[in-house]
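Engineer: Curious how this folds, go ahead:
(chains A and B)
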Amino acid sequence: MREVIINKLSGLYTRKSFLKLSAATIFTTSCYSNDLFKYSIHEVKGDYSGENINIANAALIESMYNNPNSDFSFAVIADSHSYYDELRDAIKIISMKKDVCFVLHLGDFADCGLLFEYEQTIKILEKLPVPYVTVIGNHDTLGNGLKIFNDIFGVTNFSFQCNGVFFIIANNNNWESDIVSLDEGISLLENRQKDRYKVIVTHIPVLNGSRFSERLCDEYSEMCISHNINLSLHGHKHKHNYVDNFTEKTSMVVADAILNRVFYLFHVNSSGIEFEMVKF
Amino acid sequence: MSKVKKFIFLILIIAYPLSYLHSTENYLIPDSFVSQFAGYIGFLSVGVGYEINDTVQTEFLYGFVPSSLAGIDIHLVTARAIISPVIITILPGYYFYPLSFDFFINYAIGEQYHVKWPEKYPERYYRPNAIFTGESLGLRLKKEYSGEIIKGFEFFIDLVTMTVFLYDYIQNEDIESMDIVSLGFGTRLYF
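Structural biologist: Sure, this is the predicted structure:
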């Protein structure tokens, strides 16, 4: 009887069934393995899918820094594209600055809106000891980029507070996202009379040029005036530009790109919002 | 759809002189049927191949990735050249190709991918994001048959990368090699 059972069991492990089992195991494993087998450069689903990083980190900033009278600093980086080594170097320096509460990436961490580019950037940013939030840049929207951004970071337009300062993060990539009005951004500003300062952060500076119509530029300036916006913060140009009197109440900073080995430190205190450029 | 037609037309223009080079008289009839798993040209891709000479062949494949794996359905058309300069006869009728170099052009079908960007963008504002190129290095094992229809069967395995990833890898110290490569394997049926 024992021999019969052993024979039956060994029958299960004949060469053929072993090969079939191995092939099935390899196939099933490979279908769900991101490391060995990749199917397309255009994939959307990746290692950070569903993490809602921006929304989670914005909530973290609000919970950590909720004293409306307290001074604080935040770091700003822009347009890293595929310059991952430069981004890594900046992150290393920022990580050593003890007074930085959070880091803002002003967008364009991709060239073609590829998942690979998103993941390489996040691998570096997640080494920060403080929370970070990202703005979507025009390059980040390309191809399936907007889907990837939503999948990893959450919605593109959101707001948060840090020690009484109100930050609006918005997608203003008008060509790529077919944006024709600022209604969504304006709606975030309703009932915000008690904030110490207000900061609008978008990737592209809303200035006259080929991208934005005169009507949209005027609408943006009026919004800054009527809602007492203190700082309008952008990237995109790969060149530093500071406009002290963008409106009578608003200063505009267009940040230089990280690929030019520059990042910014913004200091919030009772006299206003000041910034310094850090070259590395 | 017109973009797809344009691309198929382009492929045919490329394929015509290449297929003319291959040895048989019926130069439009393919020499092989190829199927592949993974390797940046689809979860599963199928296509036809033309042997130009003993060491060079071209292939045209259609690949698909379902949304359950990629997050969206992806349709890809790939044209590739395969160069296998070293052929080792293991046994009569069994051939081993220890160095198989592939170069491929990958076209993604979908309205979010562009060869030429819409006119609202200035000239050369963005690079075409419908077309990417890739390279691979692989091994091939082929068995010849003397049948009427089937002339041979081959198994191959490739280590594949995309040129844009390779460029980033060379430019940046911290990118891990596993992030820029994929294995791909498949079979060829020769007739």
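
Engineer: which regions of chain B lie under the pLDDT threshold?
Structural biologist: Along chain B, the parts satisfying pLDDT under 70 run over B:1-26.

Engineer: What mean pLDDT does the helix or strand hosting A:F263 get?
Structural biologist: For A:F263, the element it lies in under DSSP states H and E is strand A:262-269. Averaging pLDDT along strand A:262-269 yields 98.

Engineer: what's the neighbour count on B:G93?
Structural biologist: 12 (other Cβ atoms under 10 Å in any protein chain shown). C-beta here means a position set from N, CA and C on the backbone, and glycine is covered the same way.

Engineer: who are the neighbours in contact with it?
Structural biologist: B:143-145 (Cβ atoms under 8 Å, 6 or more residues apart in numbering or on different chains).

Engineer: Any idea which residue is closest to the centre of chain B?
Structural biologist: B:R80 (4.0 Å; Cα atoms, centre = their mean).

Engineer: would you say B:D168 is within a helix?
Structural biologist: Yes - assignment of B:D168 by DSSP: H, G, I helix; E, B strand; the rest coil places it within a helix.

Engineer: what's the closest non-adjacent residue to the residue of chain B at minimum distance from chain A?
Structural biologist: Per Cβ to the nearest Cβ, the residue of chain B with the smallest distance to chain A is B:G71, at 3.0 Å. Nearest non-adjacent residue to B:G71, counting by Cβ to Cβ, 6 or more residues apart in numbering or on different chains: A:V44, 3.0 Å away.

Engineer: Tell me how many other residues crowd that neighbour.
Structural biologist: 22.

Engineer: hmm, back to that, list the buried residues of the strand holding A:F263.
Structural biologist: A:262-268 (16 or more other Cβ atoms under 10 Å in any protein chain shown).

Engineer: Who are the contact partners of the residue nearest to B:G71?
Structural biologist: Contacts of A:V44 (Cβ under 8 Å, 6+ apart): A:115, A:144, A:147-148, A:151, B:70-72.

Engineer: Return the member of those residues nearest to A:F109.
Structural biologist: A:I148 (11.0 Å; Cβ to Cβ).

Engineer: Three-state assignment for that closest one, please.
Structural biologist: Per three-state DSSP, A:I148 ends up helix.

Engineer: Touching, it and A:G113? I think so.
Structural biologist: Yes - with contact defined as Cβ atoms under 8 Å, A:I148 reaches A:G113; the gap is 6.8 Å.

Engineer: rewinding a little: right, and out of the contacts of B:G93, which lies closest to B:F156?
Structural biologist: For the contacts of B:G93, the nearest to B:F156 is B:K143 (12.5 Å; Cβ to Cβ).

Engineer: Look at that closest one and say how many residues are nearby.
Structural biologist: 14.

Engineer: show me what contacts residue 127?
Structural biologist: In the absence of a named chain, this looks at chain A. With the criterion set at Cβ under 8 Å, 6+ apart, A:K127 makes contact with A:91, A:95.

Engineer: look at chain B instead
Structural biologist: A:111-112.

Engineer: Show me what B:L91 is bridged to.
Structural biologist: Beta bridges link B:L91 to B:Y94, judged by DSSP bridges.

Engineer: For the residue nearest to B:G71, give me phi and psi.
Structural biologist: When read as degrees, to the nearest 10, the backbone of A:V44 gives phi -110, psi -40.

Engineer: Without its sequence neighbours, what residue ends up closest to the residue nearest to the centre of chain B?
Structural biologist: B:F104 (3.5 Å).

Engineer: now the buried residues of strand A:262-269 as TSV including distance to B:G42?
Structural biologist: Converted to TSV, these look like this (distance: Cβ to Cβ, whole Å):
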residue	distance to B:G42
A:V262	41
A:F263	40
A:Y264	43
A:L265	46
A:F266	46
A:H267	51
A:V268	50
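
Engineer: Including distance to chain B, could the residues you listed go into TSV?
Structural biologist: Converted to TSV, the buried residues of strand A:262-269 look like this (distance: Cβ to the nearest Cβ, whole Å):
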residue	distance to chain B
A:V262	18
A:F263	18
A:Y264	23
A:L265	24
A:F266	27
A:H267	30
A:V268	32
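
Engineer: ok, which stretches of the stretch 51-200 of chain A are strands?
Structural biologist: Ranges of strands within the stretch 51-200 of chain A are A:72-77, A:100-105, A:132-134, A:158-162, A:165-170, A:197-202, based on DSSP state E, counting those that start in this stretch.

Engineer: which one of these is the most hemmed in?
Structural biologist: The highest mean neighbour count among the strands of the stretch 51-200 of chain A, using mean count of other Cβ atoms under 10 Å in any protein chain shown, belongs to strand A:132-134: a mean of 25.

Engineer: Name every strand pairing with that strand and say which way it goes.
Structural biologist: strand A:100-105 (parallel).

Engineer: who touches the strand it pairs with?
Structural biologist: A:57, A:61, A:64-65, A:72-78, A:80, A:91, A:94, A:121, A:125, A:128, A:130-135, A:162-163, A:201, A:233, A:265.
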